[in-house]
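Peer 1: Here's a sequence, model it:
(chains A and B)
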Amino acid sequence: MDTVSELIKNLADQHGRSRYNLLPILQGVVEQEKYLSESSMIEIAKELEIPASDVYGTATFYSFLEYKKMGKYIIRVCKTITCSMKGKNQVLLAIEDMLKIKVGETTLDGTFSLLQTNCLGFCHKAPAMLINNDVFTDLTPEKVREVLSQYLSKKQEGGQNGN
Amino acid sequence: METNHQLKRADFIFKNENDWEEVLKKNISRLPNELINELISSELKGRGGAGFPTGLKWKLSAEVDSDTKYVICNADEGEPGTFKDREILSLVPFKVLTAMAICGYVVGAKEGYIYLRGEYFFLKPELNKAISEFEQYCKEINLDFTIRIFMGSGAYICGEETALFESMEGKRGEPRNKPPYPALSGYMNKPTVINNVETLAHAYTIFTYGAKRFYDLGVQYSRGTKLFSVSGDTPKPGIYELELGMSLADFVNDFGDGDSKAVQVGGASGFLVPRKRFAETTIGYQGKLVGISLPTGGSMMLFNSSRSMFNVLDNYLEFFREESCGQCTPCRVGCQQLLKGIKAVKSGEKSTQYLDKLLTLAETMQFTAKCGLGQSVANSFSSIVENFREEMIY
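Peer 2: Have a look, this model is predicted:
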């Protein structure tokens, strides 16, 4: 059994196998895999004995449940009004320049994906972004470069340890 | 409506959380009816933005006969410009948990849920820690009440109560038809009390100090205090607790940067108030309407004269277009067409009179959309287009 199937079984054991437990199971898969592949959605449907279209319909409704392959770190830059007024575009350009990807893309090595998102609830510390579940606020191009460098060196250390 | 003649700061929400055990114990030894009456006489209204009387909500649910009932804390804080609920949950979580448990006692519910937006996932570990400590105490005093966190996944519409239930039931977050209202049939079609985070924190204040203390704050129809999330062109962005009923002019005096051109009250789904209307606008729930009275979930976004209102509206409409659940046609198509329409006018592809057609479309959405999202797009759309028509054109 591959690891995703095992993960789905474990999540179903943990949350239950009813239609009502679908969302936490989808979230659990996304937490580990970063996205829901077609095969994992079918697997979940089988596990809960519900139509795969139900799983797909629910999964594609929620913006944090990605269904395209994503990088290890998903960067979500807030694009709502205050962040937009306080220099979100400059932050975005700095990220694009540093990682050599555009919004909606993933770096070739699969480390970072860059997305925009709606209001993160940090308007008083705008601009803000999430990297996976961690929040970064009061961003400037300099600050965002610093943050990303830390992630990059973390990745390199991880590589040396064989992770 | 009366207006407070100055800004009155208050400090209830973020203070004195430490006596929560005592507050819980004291209140669950009172009769449920007594507690409901206390809440009703405080005139606390829902702080999420809609302003439904909280005591009445609890009463309706308490009166329904059912073995299973639920208490849900709505922490799907997604309105642009709102960030107070996160602060409450991180600084004074026990107030919210205590108020949920008191609510459970009053209506006869044994299970509580906090629906936490996906963006606030980082709050979950600390909040879970608070919940275990809380549940431990409930056991000690023989109160049968549990609380679980249910995570959202990035959908603004799930803050709408019936969409939230759908989401908790594992479905797409599409709002239901109302009635039936949640008090009768909510989560799992069982009677459910669903309150905003801040509403529960105020309920805690009321159960600690008594209804009168709360009622004496604010003005007629708008009693008590409210947290305001202040952002935009202001030298002091942040969260402030103020008495309701303040004049917008006083607010701008205090929080503006000296060049405030307009204030968006209530987030993207609220109203844009231009400078010429600051003096006649009061922040509070509508009672006898004299001047303009605006209810709000607390989002106050200030814009100075360097901002283009076209860009502001464009940003809001893009937000709504993405966040519309797509279930009903007025909202799904309306949001797309309003966005397309203002761009077409701006580029000169459509004549300026086209703006009037768009205003009619917004009004149609207000009357025909299924839920608050589609109905409230007209609030910001019309208030911006009517007050800054020239900026939409040139």
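
Peer 1: who's in contact with residue 60?
Peer 2: With no chain named, the answer covers chain A. By Cβ atoms under 8 Å, 6 or more residues apart in numbering or on different chains, A:Thr60 lies in contact with A:Tyr67. C-beta coordinates here come from the backbone N, C-alpha and C atoms, glycine included.

Peer 1: look at chain B instead
Peer 2: B:Leu60 neighbours (Cβ under 8 Å, 6+ apart): B:Tyr181, B:Ala183, B:Leu184.

Peer 1: Let's verify it: helix, strand, or coil?
Peer 2: Put simply, B:Leu60 is helix when judged by DSSP: H, G, I helix; E, B strand; the rest coil.

Peer 1: cool, and B:Ala344?
Peer 2: Quick answer, by three-state DSSP: B:Ala344 is helix.

Peer 1: can I get the contacts of B:Leu60 in a markdown table with pLDDT?
Peer 2: A markdown table is the format used below for the contacts of B:Leu60 (pLDDT from 0 to 100):
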| residue | pLDDT |
| --- | --- |
| B:Tyr181 | 95 |
| B:Ala183 | 95 |
| B:Leu184 | 95 |
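
Peer 1: out of those, which one sits closest to chain A?
Peer 2: Among the contacts of B:Leu60, B:Leu184 lies closest to chain A (Cβ to the nearest Cβ), at 20.0 Å.

Peer 1: Name the residues linked to B:Ile283 by a beta bridge.
Peer 2: Beta-bridge pairing of B:Ile283 under DSSP bridges involves B:Met246, B:Leu294.

Peer 1: residues touching it, list them.
Peer 2: Contacts of B:Ile283 (Cβ under 8 Å, 6+ apart): B:Ser222, B:Lys226, B:Leu244, B:Gly245, B:Met246, B:Ser247, B:Leu248, B:Phe251, B:Val265, B:Ser293, B:Leu294, B:Thr296.

Peer 1: got it, and B:Asp11?
Peer 2: Taking Cβ under 8 Å, 6+ apart as the criterion, B:Asp11 is in contact with B:Glu241.

Peer 1: which residues in the chain form strands?
Peer 2: In the absence of a named chain, this looks at chain A. A:73-78, A:112-117, A:129-131, A:134-136 (DSSP state E).

Peer 1: oops, I was thinking of chain B
Peer 2: Under DSSP E, chain B gives strands at B:70-75, B:111-116, B:146-151, B:192-196, B:218-219, B:222-223, B:225-232, B:238-243, B:246-247, B:260-265, B:271-274, B:281-283, B:292-294, B:299-304.

Peer 1: B:Ser376 is nearest to which of the ones you listed?
Peer 2: Minimum separation from B:Ser376 across the strands of chain B (Cβ to Cβ) falls at strand B:271-274, 9.5 Å.

Peer 1: Report the buried residues of the closest one.
Peer 2: B:Phe271, B:Leu272, B:Val273, B:Pro274 (16 or more other Cβ atoms under 10 Å in any protein chain shown).

Peer 1: One more: stretch A:53-61?
Peer 2: Buried, per 16+ other Cβ under 10 Å, within stretch A:53-61: A:Asp54, A:Val55, A:Tyr56, A:Thr58, A:Ala59, A:Phe61.

Peer 1: could you measure the last one against B:Glu174, distance?
Peer 2: This points to A:Phe61. Distance of A:Phe61 to B:Glu174, computed by Cβ to Cβ, to the nearest Å: 8 Å.

Peer 1: cool, the fourth one as well?
Peer 2: Distance from A:Thr58 to B:Glu174, counting by Cβ to Cβ: 11 Å.

Peer 1: and if you look at the fifth one?
Peer 2: Spatial separation of A:Ala59 from B:Glu174 under the definition Cβ to Cβ is 14 Å.

Peer 1: try the second one
Peer 2: Applying Cβ to Cβ, the value for A:Val55 to B:Glu174 is 16 Å.

Peer 1: how about the strands of chain B in JSON lines, adding distance to B:Cys331?
Peer 2: JSON lines is the format used below for the strands of chain B (distance: least, Cβ to Cβ, whole Å):
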{"stretch": "strand B:70-75", "distance to B:Cys331": "21"}
{"stretch": "strand B:111-116", "distance to B:Cys331": "22"}
{"stretch": "strand B:146-151", "distance to B:Cys331": "25"}
{"stretch": "strand B:192-196", "distance to B:Cys331": "22"}
{"stretch": "strand B:218-219", "distance to B:Cys331": "33"}
{"stretch": "strand B:222-223", "distance to B:Cys331": "29"}
{"stretch": "strand B:225-232", "distance to B:Cys331": "25"}
{"stretch": "strand B:238-243", "distance to B:Cys331": "30"}
{"stretch": "strand B:246-247", "distance to B:Cys331": "32"}
{"stretch": "strand B:260-265", "distance to B:Cys331": "20"}
{"stretch": "strand B:271-274", "distance to B:Cys331": "19"}
{"stretch": "strand B:281-283", "distance to B:Cys331": "27"}
{"stretch": "strand B:292-294", "distance to B:Cys331": "22"}
{"stretch": "strand B:299-304", "distance to B:Cys331": "20"}
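
Peer 1: so what's B:Lys350 up against?
Peer 2: B:Gly341, B:Ala344.

Peer 1: For it, give me the pLDDT.
Peer 2: B:Lys350 carries a pLDDT value of 97.

Peer 1: which residues sit in contact with A:Lys143?
Peer 2: Neighbour list for A:Lys143: A:Phe136 [criterion: Cβ under 8 Å, 6+ apart].

Peer 1: Could you tell me the angle between the lengthiest helix in chain A and strand A:73-78?
Peer 2: Taking DSSP state H as the criterion, chain A has its longest helix at helix A:141-160. Interaxial angle, helix A:141-160 versus strand A:73-78 (axes from the mean of the first three to the mean of the last three Cα atoms, to 10 degrees): 160 degrees.

Peer 1: and helix A:141-160, how far out from the chain's middle?
Peer 2: 17 Å (Cα atoms, centre = their mean, to the nearest Å).

Peer 1: for chain B, what helix or strand is lowest in average pLDDT?
Peer 2: The helix or strand of chain B with the poorest confidence is strand B:292-294; it has a mean of 74 (mean pLDDT, DSSP states H and E).

Peer 1: Kindly reformat the contacts of B:Ile283 as a markdown table containing neighbour count and distance to B:Pro125.
Peer 2: Output for these, formatted as a markdown table (neighbours: other Cβ atoms under 10 Å in any protein chain shown; distance: Cβ to Cβ, whole Å):
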| residue | neighbour count | distance to B:Pro125 |
| --- | --- | --- |
| B:Ser222 | 26 | 37 |
| B:Lys226 | 27 | 29 |
| B:Leu244 | 24 | 34 |
| B:Gly245 | 26 | 39 |
| B:Met246 | 25 | 37 |
| B:Ser247 | 20 | 42 |
| B:Leu248 | 23 | 39 |
| B:Phe251 | 23 | 36 |
| B:Val265 | 27 | 34 |
| B:Ser293 | 21 | 41 |
| B:Leu294 | 18 | 37 |
| B:Thr296 | 26 | 31 |
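
Peer 1: Kindly indicate which of those lies nearest B:Arg47.
Peer 2: B:Lys226 (6.4 Å).

Peer 1: Quickly list what the closest one is bridged to.
Peer 2: Applying DSSP bridges to B:Lys226 yields these beta-bridge partners: B:Leu242.

Peer 1: and if you look at the one 4 residues further on?
Peer 2: Counting by DSSP bridges, B:Val230 is bridged to B:Gly238, B:Met300.

Peer 1: Tell me which residues touch it, please.
Peer 2: A:His124, B:Lys236, B:Pro237, B:Gly238, B:Ile239, B:Tyr240, B:Phe255, B:Met300, B:Leu302.

Peer 1: okay, the residue nearest in space to the middle of chain A: pLDDT?
Peer 2: When Cα atoms, centre = their mean is applied to chain A, the residue found nearest the centroid is A:Ile74 (4.2 Å). A:Ile74 is assigned 98 on the pLDDT scale.
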